[in-house]
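> sequence? don't have it. structure:
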């Protein structure tokens, strides 16, 4: 369970679609101080790979808006309804808003240590022509 899960539970329980909060109120809900990163607007973006707390409000069906770093206030706006029971779902369970095939190949591709993925895979020079032909005098000649 994430240390930010209490925020998700709090938001799921809200009956309104807009939940204005101060940073201090969020800290009371979490029962811990927000990190120093709270001073950066990027911390409050709705990018799910941004930070662990972002995933919690997104999973609760909310996004942030009207973030005011100077006054330490923001608004959580509901973007989809969530059932209260889904807020406590296991992190590896399939989510209803994602296709079951999402991420199914994660971890299946590995790159051998020392393999340079930027190196061309064949010995052809990069400027040898277009679609297998070589340019000579402005004309495309067939390769032998």
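Great, that's in hand. Bear in mind that the values here come from a model prediction, so they are computed numbers and not experimental data. Numbering: from 1, shown residues only.
> From now on I want contacts and neighbour counts done on CA atoms only, so please keep to that.
OK.
> quick one, strands of this protein?
Remark: strands assigned in the chain by DSSP state E are 18-22, 62-68, 73-78, 134-136, 139-141.
> so what secondary structure elements neighbour the first one?
Translated: strand 18-22. strand 73-78 (3 or more Cα pairs under 8 Å, 6 or more residues apart in numbering; DSSP states H and E).
> average pLDDT across the strand it packs on?
Averaged across strand 73-78, pLDDT comes to 94.
> List the buried residues for it?
In terms of neighbour count (16 or more other Cα atoms under 10 Å), strand 73-78 has its buried residues at 73, 74, 75, 76, 77, 78.
> Pipe those residues into CSV and attach distance to residue 19 per row.
Below are these laid out as CSV (distance: Cα to Cα, whole Å):
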residue, distance to residue 19
73, 11
74, 8
75, 5
76, 5
77, 6
78, 8
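> about what we covered before: nearest to residue 119, out of the strands of the chain?
strand 134-136 (21.8 Å; Cα to Cα).
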